[in-house]
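Peer 1: A predicted structure for the sequence below; I have some questions about it.
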Amino acid sequence: MSTAVTGAPEEAVQAPAEAPKRISFNPRQSGIYVAFALIVVLFTVLTGGSLLEPQNISNLIVQNSYVLILAIGMILIIIAGHIDLSAGSVVALTGGISAVLMVDLHMAWPLALLITLLAGAVIGAWQGYWVAYFGLPAFIVTLAGMLIFRALTLSVLGNQGIGPFPDSVRTLANGFTGGYLGNIGLGPLGGADLVSLLLGVAVIAGAAVSQTRKRAARQRYLQEVDPLPMFVLKIAAVAAVVLFVVVQLARYKNLPWVLILLSVLAIGYSLVTTRAVFGRHIYAIGGNLQAATLSGVKVKAVTFWIFVNMGVLSALAGIIVAGRLNQAGPTAGTMFELDAIAAAFIGGAAVQGGVGKVIGAITGGLIMGVINNGMSLIGAPTESVNLVKGFVLLAAVAYDVWTKRRARVAT
């Protein structure tokens, strides 16, 4: 008697399902980048192209570097559901500490910078203790800190500016990379620094590889991804923007050192928030504090350390501001915390916490910078600049609330 050979189970021979493909546009996450592009186009037209001139782009980055540094730390605090109103006062105090160490005490600048950053960490730990372990609202703690640290600044500086700073510190705040390999001709654009161009190409390649791997991982888990032509178009658009900015900077005085510092911070903190357990805990705390606690998240420790981090970044911003002005003054840092908070909210952070991205906060800071710079180029008075910035902030928060309501209605 012959034995029939049975076939494999039907589900075993079926081809695996492909990841669904669609053109994705999340208005809550992507809208900020569209708005940024429109604002740049608007002011480019209004200024007759002056906004995108090489020198102006360089000035835009250098002049707004402190806001971007503070925004990186502020976005973590806002994601966790807190706020920091003392950042500007900490900038002034730590800038004063660095001036006393380097100018009055003639301390070597690397050691002085390290001590200044440690001072910022101590200040952040002081505030983090009251918020995390004593249970006081961050609004009250940092409001008190804003007054306390401003008073300490006046005590440290004696109501006068201290300077000048060492050349190395001023180079960090205002300097540019050297032309190590010389210039390369770009036809009608003239010459541009070869090292700057190579760094720009490296950044583009790294971003392309990262996004390609991310897309492949989503496909493996059968998650929705963009069609390949749309994916390539997005990568090409980002590459074009990066290459344009790098070429313009390379045509002027090469890359500002502070831009390299900002790039390192942006990449590092983006990895922490998206890949590290600590970053996921920050989102969990801001999204649902009770659920995070029941899930075993060490809420107090995470809260404490994000305030320590804010203190360190405020100290770094204080050094940058003092180096750029070539002196530490008692009025430095005024309103800086509001600029950083505005950058975070314009960049997509949610008022209730749990939502936000580092790159979004940086984009929000750049939007503020473009508005300041663009309106200055067209000769707008200060009150008009503040009026526009106020409406932009209001619109960003209103947009966040509106998208949430739409999401609730849709579900």
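Peer 2: Perfect, thanks for sending it.
Peer 1: who touches residue 154 in this structure?
Peer 2: residue 330 (Cβ atoms under 8 Å, 6 or more residues apart in numbering). The C-beta positions use only the backbone N, C-alpha and C, and glycine is treated the same way.
Peer 1: is it correct that it falls within a strand?
Peer 2: No: applying DSSP: H, G, I helix; E, B strand; the rest coil, one finds residue 154 to be helix, outside a strand.
Peer 1: which residue lies nearest the spatial centre of the protein?
Peer 2: residue 362 (3.3 Å; Cα atoms, centre = their mean).
Peer 1: name the SS class of it, please.
Peer 2: helix.
Peer 1: OK, contacts around it?
Peer 2: Contacts of residue 362 (Cβ under 8 Å, 6+ apart): 68, 71-72, 262, 266, 343, 347.
Peer 1: before we move on, what about residue 124?
Peer 2: Per Cβ under 8 Å, 6+ apart, neighbours of residue 124: 307-312, 314.
Peer 1: let me see the ranges of the helices in the stretch 101-250 of the chain.
Peer 2: Along the stretch 101-250 of the chain, the stretches classed as helices by DSSP state H, counting those that start in this stretch are 109-132, 138-157, 167-174, 194-220, 228-252.
Peer 1: of all the ones you listed, which one is nearest residue 87?
Peer 2: helix 138-157 (8.0 Å; Cβ to Cβ).
Peer 1: which is the next helix or strand following the helix or strand containing residue 280?
Peer 2: Counting by DSSP states H and E, the element that carries residue 280 is helix 277-287. Sequence-wise, the next helix or strand downstream of helix 277-287 (DSSP H and E) is helix 289-294.
Peer 1: packing partners of that next one?
Peer 2: The criterion is 3 or more Cβ pairs under 8 Å, 6 or more residues apart in numbering; DSSP states H and E, and the helices and strands that helix 289-294 contacts are helix 277-287, helix 299-325.
Peer 1: now do the buried residues in the longest one.
Peer 2: Same thing as helix 299-325. 299-300, 302-325 (16 or more other Cβ atoms under 10 Å).
Peer 1: what mean pLDDT does the helix or strand following that helix get?
Peer 2: Downstream of helix 299-325, the next assigned helix or strand under DSSP H and E is helix 336-346. Helix 336-346 shows an average pLDDT of 91 in the prediction.
Peer 1: in helix 336-346, which residues are buried?
Peer 2: For helix 336-346, by 16+ other Cβ under 10 Å, it's 336-337, 339-346.
Peer 1: from the chain's centre, how far out does that helix sit?
Peer 2: Distance of helix 336-346 from its chain centroid, counting by Cα atoms, centre = their mean, to the nearest Å, is 11 Å.
Peer 1: just the C-alphas of it, formatted as CSV.
Peer 2: Extracted C-alpha coordinates of helix 336-346, given in CSV (Å, rounded to 0.1, in the frame of the first residue of the first chain):
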residue,chain,number,x,y,z
PHE,A,336,16.9,83.1,28.5
GLU,A,337,14.7,80.6,30.2
LEU,A,338,11.6,81.9,28.4
ASP,A,339,13.4,81.6,25.1
ALA,A,340,14.3,78.0,25.9
ILE,A,341,10.8,77.2,27.0
ALA,A,342,9.3,78.8,23.9
ALA,A,343,11.7,76.8,21.7
ALA,A,344,10.6,73.6,23.4
PHE,A,345,6.8,74.3,23.0
ILE,A,346,7.2,75.7,19.4
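Peer 1: export stretch 110-124 to PDB, keeping only CA atoms.
Peer 2: Taking Å, rounded to 0.1, in the frame of the first residue of the first chain, the C-alpha atoms of stretch 110-124 are listed here in PDB:
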ATOM      1  CA  PRO A 110      40.300  73.700  31.000                       C
ATOM      2  CA  LEU A 111      40.200  73.400  34.800                       C
ATOM      3  CA  ALA A 112      38.000  76.500  35.100                       C
ATOM      4  CA  LEU A 113      35.500  75.100  32.600                       C
ATOM      5  CA  LEU A 114      35.300  71.800  34.500                       C
ATOM      6  CA  ILE A 115      34.700  73.500  37.800                       C
ATOM      7  CA  THR A 116      32.000  75.700  36.200                       C
ATOM      8  CA  LEU A 117      30.200  72.700  34.800                       C
ATOM      9  CA  LEU A 118      30.400  71.000  38.200                       C
ATOM     10  CA  ALA A 119      29.000  74.200  39.800                       C
ATOM     11  CA  GLY A 120      26.100  73.900  37.300                       C
ATOM     12  CA  ALA A 121      25.600  70.300  38.300                       C
ATOM     13  CA  VAL A 122      25.500  71.200  42.000                       C
ATOM     14  CA  ILE A 123      22.900  73.900  41.300                       C
ATOM     15  CA  GLY A 124      20.800  71.400  39.300                       C
END
